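>>> no FASTA, just this:
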């Protein structure tokens, strides 16, 4: 079975996200765009994931929960979990490590979390687009120890990426690499990219994904990718997403250097 997946979605909790991006609206749009597997990944927090979980369950969408972490190198990493409480525990501890910089909504944007009915239940005080004191390697080790997936985000983007911050794709224990334009790996063999993405060389074979990095409703699913999970169930008997099936699907998306 091949499904559409989008593993990089922001909600109204991210200060750069549209206030219309509630979990309920996101899930409704995912259904309309035939996306079967989705992850909510706000910056450095997972506080909108409980509402996302409820909405996904009601809509029949397989969900992953987590965040887009910002490491000490100022690069972004998707940290994804199939168990909601694991995501809440991990992301809560990560948030606690952030510097005490208070958000100023009138300047940087609102950071609100809501319930499944779009009712605001709280506001995050710390500014979320800041770096935790953990490196990329430390982040990956911590996520794997907690049972999650690690996907460095938009590695070919000219900001907050491996390429922009480290100058190269570094080898590590990544479950996949997220590209804005994976075709650049082939195109750059004959000519350099001209669309703002950075030229990339893989240090070894990795699964490659794309995801929407959606901050607005119209962006949901714009870079969804196909995931072939064969005859494996997408959802376990307890309702959690089958990470073994996700990993098996990712393994079929490996790109050689």
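Done, it's in. Please read these numbers as outputs of a predicted model, since none were measured by experiment.

>>> just checking, next helix/strand downstream of the longest helix along the chain?
In terms of residue count, the longest helix belonging to the chain (DSSP state H) is helix 84-96. The helix or strand immediately downstream of helix 84-96 is helix 105-108, counting by DSSP states H and E.

>>> and the longest helix of the chain, what's buried?
Within helix 84-96, the residues scored as buried using 16 or more other C-beta atoms under 10 Å are 84, 86, 87, 88, 90, 91, 94, 95. The way it works is simple: take the backbone N, C-alpha and C, and place the C-beta from them, glycine included.

>>> so what's the third one up against?
Looking back up the chat, that one is residue 87. Counting by C-beta atoms under 8 Å, 6 or more residues apart in numbering, residue 87 touches 46, 49, 65, 66, 67, 80, 81, 148.

>>> now do the first one
Residue 84 is in contact with 49, 50, 53, 65, counting by C-beta under 8 Å, 6+ apart.

>>> assumed the last one was part of a helix.
No - counting by DSSP: H, G, I helix; E, B strand; the rest coil, residue 65 is not part of a helix but strand.

>>> now it: closest residue in space that isn't a chain neighbour?
The shortest distance from residue 65 to any non-neighbouring residue, by C-beta to C-beta, 6 or more residues apart in numbering, is to residue 87 (3.7 Å).

>>> residues contacting the nearest residue to residue 49 once chain neighbours are set aside?
The shortest distance from residue 49 to any non-neighbouring residue, by C-beta to C-beta, 6+ apart, is to residue 65 (4.1 Å). By C-beta under 8 Å, 6+ apart, the contact list for residue 65 reads 39-40, 46, 49, 52-53, 80-84, 86-88.

>>> for those, which one is nearest residue 136?
The shortest gap between residue 136 and any of the contacts of residue 65 belongs to residue 80, at 15.6 Å (C-beta to C-beta).

>>> for the closest one, grab the count of nearby residues.
Using other C-beta atoms under 10 Å, residue 80 has 27 neighbouring residues.

>>> all helices of this protein, in order?
23-32, 49-59, 84-96, 105-108, 136-145, 162-166, 184-187, 243-251.

>>> residue 182 and residue 241, how far apart?
Using C-beta to C-beta, to the nearest Å, we find residue 182 at a distance of 23 Å from residue 241.

>>> higher neighbour count, those two?
Taking neighbours as other C-beta under 10 Å, residue 182 and residue 241 compare with residue 241 leading, 24 against 21.

>>> which residues touch the more buried one?
The neighbours of residue 241, taking C-beta under 8 Å, 6+ apart as the test, are 37, 62, 63, 64, 82, 234, 235.

>>> again, 6 Å this time
Residue 241 is in contact with 62, 64, 82, counting by C-beta atoms under 6 Å, 6 or more residues apart in numbering.
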